[in-house]
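Chemist: coordinates only, no sequence provided:
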């Protein structure tokens with residue numbers, strides 16, 4: 001089974017020593033967890049991101065940063081694991097767990113990215129109010145899945161990966177403090193919207209990425225450019 005691990009952390013400028021230590025920590029994590037990692041990357045700062053609300057019929061585009069959040073998504077992984085316990089064990093070793101948290105979400109379908117090399121790569125994180133975050137397999141969810149099928153047909157090979165997520169009740173947040181793993185049911189922060197899925201988009205530039213993300217059938221989409229530092 002596959003799991004999305006969304007890294008949540010405070011966004012701040014690192015010193016050269018902190019940056020060097022962080023890179024070494026992630027290299028060590030990749031060496032240890034490589035057999036389970038199916039994808040992942042750091043995200044560029046929210047100042048370079050976009051939030052798109054209103055859905056495809058009336059999209060409202062807001063440039064980052066997103067001041068309402070003290071801690072924000074800073075990266076992601078997709079893990080292949082036999083069960084949730086194994087996925088949580090992987091998440092516990094992610095360096096960001098030491099000072100932020102890792103949201104671990106079961107994925108509905110397999111994630112298998114196919115980079116087309118068109119240009120910049122973007123993570124589009126789909127978010128919904130709890131009332132419209134339907135449980136996979138229900139008629140309401142199937143109706144939304146059909147709309148995503150229409151988006152996939154329109155976007156074509158601009159979509160290089162992505163998956164729907166299980167309902168928020170299946171999410172677990174992992175934090176590590178003083179060497180102890182702390183597990184909490186649900187997302188890292190209970191907000192007005194919750195994650196329901198994600199796409200990886202390949203676009204020639206930011207304008208094209210925004211145009212693609214605005215077509216996604218979701219209440220809101222947080223569009224973040226991949227840093228391209230993971231080598232995954």
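Modeler: Looks like it came in fine. In this text, all values refer to a predicted model and were calculated from it rather than measured experimentally. Residues are numbered from 1 along each chain as shown.
Chemist: look up phi and psi at residue 11.
Modeler: Here the main-chain torsion angles of residue 11 (degrees, to the nearest 10) amount to phi -100, psi 120.
Chemist: swap that for residue 138, sorry
Modeler: As for residue 138, its main-chain torsions (degrees, to the nearest 10) stand at phi -80, psi 160.
Chemist: quick one, what contacts the nearest residue to residue 52 once chain neighbours are set aside?
Modeler: The spatially closest residue to residue 52, leaving aside those adjacent along the chain, is residue 221, at 4.6 Å (CB to CB, 6 or more residues apart in numbering). Yep, even glycine has a C-beta here, placed from its N, CA and C like the rest. Applying CB atoms under 8 Å, 6 or more residues apart in numbering to residue 221 gives the contacts 51-52, 124-127, 213-214.
Chemist: mind redoing it with 7 Å?
Modeler: When the contact criterion is CB atoms under 7 Å, 6 or more residues apart in numbering, the partners of residue 221 are 52, 124-126, 213.
Chemist: that one is in what secondary structure piece?
Modeler: strand 220-225 (DSSP states H and E).
Chemist: direction included, what does that strand pair against?
Modeler: Neighbouring strands of strand 220-225 in its sheet, by DSSP bridges, are strand 50-53 (antiparallel), strand 120-128 (antiparallel).
Chemist: just name the most buried of the ones you listed.
Modeler: With neighbours taken as mean count of other CB atoms under 10 Å, those reach their highest mean count in strand 120-128, at a mean of 22.
Chemist: can you tell me what sits against it?
Modeler: Strand 120-128 is contacted from outside by 43, 73, 76, 193-203, 205, 209, 213, 216, 218-226, 228, using CB under 7 Å, 6+ apart.
Chemist: now a PyMOL select for only the buried ones of these.
Modeler: To isolate the buried ones among those in PyMOL, judged by 16 or more other CB atoms under 10 Å, type:
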select buried, resi 43+73+76+193+194+195+196+197+198+199+200+201+202+203+209+213+216+218+219+220+221+222+223+224+225+226
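Chemist: my guess is residue 107 meets residue 165, correct?
Modeler: Yes - distance between residue 107 and residue 165: 6.3 Å, which falls inside the contact criterion (CB atoms under 7 Å).
Chemist: these two: who's more crowded?
Modeler: For residue 107 versus residue 165, the count of surrounding residues by other CB atoms under 10 Å is larger for residue 165: 24 against 21.
Chemist: where does pLDDT dip in this protein?
Modeler: For the chain, applying pLDDT under 70 flags the ranges 67-70, 113-119, 189-191, 230-232.
Chemist: would you list every one of the helices in this protein?
Modeler: All helices of the chain, identified by DSSP state H, fall at 16-33, 84-92, 139-155, 206-213.
Chemist: so which of those helices gets nearest residue 186?
Modeler: Within the helices of the chain, the stretch nearest residue 186 is helix 84-92; the backing value is 13.7 Å (CB to CB).
Chemist: circling back to that earlier point, mind checking how far the strand holding residue 221 is from the chain centre?
Modeler: The offset between the C-alpha centroid of strand 220-225 and the centroid of the whole chain comes to 9 Å, using CA atoms, centre = their mean, to the nearest Å.
Chemist: about what we covered before: let me know which of the strands paired with strand 220-225 is the nearest to residue 179.
Modeler: Ranking the strands paired with strand 220-225 by distance to residue 179, with CB to CB as the measure, places strand 120-128 first at 30.2 Å.
Chemist: and the angle for that closest one with helix 206-213?
Modeler: Orientation note: strand 120-128 sits at an angle of 30 degrees relative to helix 206-213 (axes from the mean of the first three to the mean of the last three CA atoms, to 10 degrees).
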